[in-house]
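1. Fold the following, please.
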Amino acid sequence: MNSFKFPFAAVSAAALMALTGNALAQAPARPATAAAAAAPRAAAPAAPAATAISHGPAIAGVCIIDIDQILAESAIGKAANTRLQKLQTDVQAEVTAEQTSLVNDAKTFQAQRATLAQDAADKKDADLQVRNNALQRKVQQRQAELQATQQKAADRILSEIDPVEAQVYQQRNCSVLLSRQSVIAANPAMDITPVVITALNARISTLTFERERLDQSVAVPQTR
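-> Numbers count the residues shown, from 1 in each chain. Have a look, this model is predicted:
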């Protein structure tokens with residue numbers, strides 16, 4: 001296999017950072033105004049109607065395969081996608097719990113700050129900042145771990161697809177195998193993707209794995 005667009009759901013760095021952001025800055029959060037909440041959204045433009053394509057005769061020896069479709073529709077691809085989504089949910093729950101605790105403590109501190117001695121206030125403020133920085137590092141590390149987990153799952157599935165693809169290639173007497181991603185349109189009779197999915201499902205139907213655990217110094221390089 002060469003390159004492909006991996007369809008599994010994975011939490012993005014932007015999504016996790018948006019989830020946490022700067023917890024200290026969120027402490028005195030302001031509610032959205034009613035006007036802003038009620039503002040109408042612009043209607044999305046209607047999608048153009050699909051144009052029916054009339055295919056010419058299938059070309060003997062030329063075959064098409066869609067790796068994205070195999071990853072999305074095969075039993076092992078669905079199992080991996082479900083597992084990745086569960087790992088993503090677990091990470092989001094972990095980060096949200098820490099964020100909530102930090103925000104609540106920051107709110108309490110802000111309410112009590114005027115009654116604290118300057119030394120105690122400075123110490124509490126520094127402690128909260130340390131926790132906030134640690135949370136941001138954890139977000140980056142979990143993102144790196146999820147990406148590593150996704151890539152490892154993809155590599156495993158591709159290793160299962162390769163022999164099946166080769167077998168179907170020979171069975172269908174293919175001379176050339178083209179990726180669906182590089183072909184605009186083709187006669188469906190030349191597409192071996194459904195056959196590969198069926199054969200792959202017979203070979204393996206599930207995949208279990210845990211989130212990769214990366215050393216923080218590797219997952220989140222420190223900059224000077």
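
2. In contact with the nearest residue to residue 169 once chain neighbours are set aside, which residues are there?
-> The shortest distance from residue 169 to any non-neighbouring residue, by Cβ to Cβ, 6 or more residues apart in numbering, is to residue 177 (5.9 Å). In this view, the C-beta of every residue, glycine as well, is placed from N, C-alpha and C. Listed by Cβ atoms under 8 Å, 6 or more residues apart in numbering, the contact set of residue 177 reads 63, 64, 65, 165, 169, 192.

3. possible to save the residues you listed as CSV with pLDDT, secondary structure and neighbour count?
-> CSV is the format used below for these (pLDDT from 0 to 100; DSSP: H, G, I helix; E, B strand; the rest coil; neighbours: other Cβ atoms under 10 Å):
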residue, pLDDT, secondary structure, neighbour count
63, 97, strand, 23
64, 97, strand, 22
65, 97, strand, 24
165, 97, helix, 24
169, 97, helix, 17
192, 97, coil, 20
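
4. Could I get the full set of strands for the chain?
-> Here the chain has its strands, by DSSP state E, at 62-65, 176-179.

5. who wins for proximity to residue 158 among those?
-> Comparison of these against residue 158 by Cβ to Cβ identifies strand 62-65 as nearest, at 12.3 Å.

6. Centre of the chain to the closest one, how far?
-> 29 Å (Cα atoms, centre = their mean, to the nearest Å).

7. ok, now stretch 151-162?
-> That offset, for stretch 151-162, works out to 16 Å (Cα atoms, centre = their mean).

8. what do you get for stretch 141-156?
-> Stretch 141-156 sits 9 Å away from the centroid of its parent chain (Cα atoms, centre = their mean).

9. buried sites along that stretch?
-> Neighbour counts over stretch 141-156 (16 or more other Cβ atoms under 10 Å) mark 141, 142, 143, 144, 145, 146, 147, 148, 149, 150, 153, 154 as buried.

10. Now do the same contact list for the fifth one.
-> Spelled out, that is residue 145. Residue 145 touches 91, 211, 212, 213, 214, 219, counting by Cβ under 8 Å, 6+ apart.
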